[in-house]
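*Asks:* Kindly generate the corresponding structure for this input.
(one chain, ligands or ions: 1)
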Amino acid sequence: MSEIKIVKSCAIGKIERTVFGSFIEHMGRAVYGGIYDPSSEYADGNGFRKDVIDLVKDLNVSLVRYPGGNFLSGYDWKDGIGDIKTRPARLDLAWGQLEPNTVGVLEFDKWAKAAGAEIMMGVNMGTGTPKDAFELAEYCNYPSGTYWSDRRREHGTPDPLGIRYWCIGNEMDGCWQICSMPALEYGRKANETAKMLHWLDPNIKLTVVGSSGSGMPTYPEWDRVVLEQTYDNVEYLSLHKYYGYPDDDESRISDFLGSFTDFDAFIKTARATVEYVKTLKRSKKQVYLSVDEWNVWHTGACDDPSRWTVGPKRGENIYTAVDAVLFASLMMTLINNADSVKIACLAQLVNVLAPIMTDGNGKAVRQSIYFPFWAGSHYANGTALQTFCDCEHYVSDPFGDVPCVYVATAYDEQSGEISVFIVNNGDKEESCNIDLIDFGKLSAVSSERLIYENLFDSNTSQHPELVRWGKVDMPVSHGNGKFSVVVPPISFSVVRFKEKAENPRKGKN
Ligand code: AHR
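*Replies:* Reported below is the predicted structural model:
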């Protein structure tokens with residue numbers, strides 16, 4: 001039996017819509033063969049797959065980071081503008097593939113608008129210069145009458161794109177990055193770039209590169225050094241984190257499911273580093289966290305051995321039901337850190353480490369991780385509340401103490417809805433008492449769950465619904481905001497309640 005207590009006044013922080021962002025990189029089949037495939041029967045007039053756009057809209061993705069990733073650090077955005085017929089093909093050193101530059105900034109902007117998402121644009125800090133970054137921002141956001149803004153107008157887009165979110169580079173701490181560099185060097189370059197971008201457009205929000213994982217030898221010193229150089233000129237510190245089975249051993253399910261505790265520690269360490277630098281600088285300004293790459297990533301993800309082809313398979317991870325349960329815990333960790341995490345991007349969106357897969361035959365398929373993201377992006381509205389959960393714990397070899405039942409809560413003051421997200425990491429069914437304190441009269445509105453038969457089930461175009469989302473038994477009400485639910489072993493559920501409107505005549509004679 002687990003005892004869950006949620007107090008209306010115990011807020012963590014506002015859950016920003018930008019926490020339900022995602023990521024499209026020019027990697028593998030994310031762009032060519034993913035969002036863009038003029039040969040597909042589902043292609044629209046611009047060559048974009050309409051079935052993919054429909055799923056992205058249904059997924060309620062708020063913002064999409066673009067164009068990379070590792071690809072960013074060798075990318076010249078000027079190759080992807082103007083007449084498509086004269087755009088150069090380039091060798092992409094990040095992923096060993098051919099980049100035809102058919103999709104560039106303006107094509108992607110069209111796609112993002114059709115998908116209802118904002119762009120979070122990356123500027124190249126590897127082979128790129130602060131000047132290249134500034135010129136890209138001028139091309140995108142400056143209205144007219146300058147060299148680059150007039151090029152955009154000539155290219156058929158009279159209005160500025162109004163891109164608000166910008167990433168200054170990608171994973172510059174990693175030896176795999178094109179032109180990686182030490183923290184001080186990157187920090188100085190990023191700071192000068194940030195100054196130029198803010199002078200061009202004071203309204204844009206800038207993310208500086210933090211550690212690309214807690215396993216990096218420079219972690220967490222990198223974050224301190226970079227922040228010391230850039231604190232006054234940026235709004236977010238970026239973090240990246242992926243989890244797979246410890247030692248690639250698929251039998252270590254409970255260790256794998258415990259990874260979210262490490263994710264929580266990673267986020268809290270970054271937050272502490274931000275606070276340290278803020279204090280050091282005697283600053284009143286608050287820098288927040290942008291977890292702009294997070295997901296489950298198994299080393300067995302399909303990588304096509306071919307080199308220098310357009311849209312080869314790269315990082316095509318087939319997600320199982322158990323992956324979706326850990327994914328849910330990772331997403332709930334973002335919610336439980338809503339006071340510091342203000343942007344997050346599920347990496348990625350289509351085909352590469354993705355909730356949406358295309359295989360060329362038939363409609364795009366929703367992978368298992370689609371469903372927890374869908375539940376979060378639709379139900380995690382308003383304010384994250386602290387959730388107290390008294391339950392059994394287990395010890396995971398790499399991560400230590402793990403609660404069997406992990407909970408996050410969102411309270412939407414406007415609609416009066418309370419969504420309680422529950423993961424059962426344990427291997428037995430669990431009865432949970434939920435005590436919603438100080439909310440007044442409540443009714444349960446829905447109970448929904450990730451549904452699957454076997455832990456290693458995954459969806460394919462032949463069997464697109466083996467893992468799915470569905471309604472389950474409503475919680476039992478015991479009065480006074482007390483309810484109980486039973487959650488199956490290794491499961492992810494959302495139980496939703498609503499405050500009953502006060503009788504408008506109450507208090508009148
Ligand atoms: O998302 C795939 C890759 O993972 C990105 O290109 C890179 O930033 C990270 O290492």
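*Asks:* tell me which parts of the protein are close to the ligand?
*Replies:* Proximity of the chain to the ligand is assessed by Cβ under 6 Å from any ligand atom, with 25, 27, 68, 69, 70, 170, 171, 240, 293, 347, 348, 353 identified as the residues in range. For every residue, glycine as well, the C-beta is placed using N, CA and C.
*Asks:* Most neighbours out of the residues you listed, which is it?
*Replies:* Comparing these on neighbour count, residue 170 comes out first with 30 neighbours (neighbours: other Cβ atoms under 10 Å).
*Asks:* List the contacts of that one.
*Replies:* Under the criterion of Cβ atoms under 8 Å, 6 or more residues apart in numbering, the neighbours of residue 170 are 68, 69, 70, 72, 73, 122, 125, 177, 209.
*Asks:* quick one: the strands in the stretch 51-200 of the chain?
*Replies:* Counting by DSSP state E, counting those that start in this stretch, the stretch 51-200 of the chain has strands at residues 63-66, 90-92, 97-99, 118-123, 165-168.
*Asks:* What residues does the most centrally placed residue in the chain make contact with?
*Replies:* The centroid of the chain falls nearest to residue 345 when counting by Cα atoms, centre = their mean (2.1 Å). With Cβ under 8 Å, 6+ apart as the criterion, the residues that contact residue 345 are 21, 22, 23, 63, 64, 65, 120, 290, 291, 292, 293, 294.
*Asks:* Who is the third one paired with across the strands?
*Replies:* Beta bridges link residue 23 to residue 65, judged by DSSP bridges.
*Asks:* hang on, it packs against residue 69?
*Replies:* Yes. Residue 23 lies in contact with residue 69 (Cβ atoms under 8 Å); the separation is 7.2 Å.
*Asks:* Distance check, residue 132 against residue 125.
*Replies:* In this structure, residue 132 lies at 10 Å from residue 125, with Cβ to Cβ, to the nearest Å as the measure.
*Asks:* So if I had to pick from the two, which one is more boxed in?
*Replies:* The residue with more neighbours, out of residue 132 and residue 125 and counting by other Cβ under 10 Å, is residue 125; that gives 29 against 18.
*Asks:* Now for that one: which residues touch it?
*Replies:* Residue 125 makes contact with 73, 133, 168, 169, 170, 172, 179, 186, 189, 190, 193, 209 under the criterion Cβ under 8 Å, 6+ apart.
*Asks:* Where does residue 458 sit: helix, strand or coil?
*Replies:* Under the three-state scheme (DSSP: H, G, I helix; E, B strand; the rest coil), the conformation of residue 458 reads as coil.
*Asks:* what's near enough to touch it?
*Replies:* Contact analysis of residue 458 by Cβ under 8 Å, 6+ apart lists 318, 319, 320, 321, 367, 368, 466, 467.
*Asks:* Give the buried residues for stretch 195-203.
*Replies:* Neighbour counts over stretch 195-203 (16 or more other Cβ atoms under 10 Å) mark 195, 196, 197, 198, 200, 201 as buried.
*Asks:* same question, stretch 136-154
*Replies:* Neighbour-count burial for stretch 136-154, with 16+ other Cβ under 10 Å as criterion, is recorded at 136, 137, 138, 139, 140, 141, 142, 148, 149, 151, 152.
*Asks:* For the stretch 1-150 of the chain, just list every one of the helices.
*Replies:* Per DSSP state H, counting those that start in this stretch, the stretch 1-150 of the chain carries helices over the ranges 50-59, 105-115, 130-141, 147-154.
*Asks:* Endpoints of stretch 161-181, how far apart?
*Replies:* With Cα to Cα, to the nearest Å as the measure, stretch 161-181 spans 31 Å from end to end.
*Asks:* for it, which positions count as buried?
*Replies:* Going by neighbour count (16+ other Cβ under 10 Å), the buried part of stretch 161-181 is 161, 163-174, 177-178, 180-181.
*Asks:* Would you mind listing which of the contacts of residue 458 are buried?
*Replies:* Applying a neighbour-count criterion of 16+ other Cβ under 10 Å, the buried members of the contacts of residue 458 are 318, 319, 320, 321, 367, 368, 466, 467.
*Asks:* Reformat those residues as TSV; add secondary structure and pLDDT.
*Replies:* Formatted as TSV, the entries for these read as follows, by DSSP: H, G, I helix; E, B strand; the rest coil; pLDDT from 0 to 100:
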residue	secondary structure	pLDDT
318	coil	96
319	coil	97
320	coil	97
321	helix	98
367	coil	98
368	coil	98
466	coil	97
467	coil	98
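*Asks:* any chance of these in CSV, plus distance to residue 335?
*Replies:* Shown next, in CSV, are the buried ones among the contacts of residue 458 (distance: Cβ to Cβ, whole Å):
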residue, distance to residue 335
318, 26
319, 20
320, 23
321, 21
367, 21
368, 20
466, 27
467, 22
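*Asks:* Would you agree residue 370 is in contact with residue 60?
*Replies:* No. With contacts defined as Cβ under 8 Å, residue 370 does not count as touching residue 60, sitting 11.3 Å away.
*Asks:* residue ranges with poor pLDDT in the protein?
*Replies:* For the chain, applying pLDDT under 70 flags the ranges 360, 502-509.
*Asks:* And the residue of the stretch 51-200 of the chain closest to the ligand?
*Replies:* With Cβ to the nearest ligand atom, the shortest gap between the stretch 51-200 of the chain and the ligand falls at residue 69, namely 2.9 Å.
*Asks:* Longest helix of the chain, counting residues only.
*Replies:* Under DSSP state H, the helix in the chain containing the largest number of residues is helix 259-280.
*Asks:* Which elements pack onto that one?
*Replies:* With contacts defined as 3 or more Cβ pairs under 8 Å, 6 or more residues apart in numbering; DSSP states H and E, the packing partners of helix 259-280 are helix 221-230, strand 236-243, strand 288-296, helix 321-336, strand 400-403.
*Asks:* which residues sit in contact with the closest residue to residue 372 other than its chain neighbours?
*Replies:* Once flanking residues are discounted, residue 372 sits nearest to residue 328: 3.8 Å by Cβ to Cβ, 6 or more residues apart in numbering. Residues counted as contacts of residue 328 (Cβ under 8 Å, 6+ apart) are 372, 375, 376, 421, 423, 450, 492.
*Asks:* if you skip the residues just before and after it, what's nearest to residue 335?
*Replies:* Closest residue to residue 335 in three dimensions, ignoring its sequence neighbours and counting by Cβ to Cβ, 6+ apart: residue 408, at 4.3 Å.
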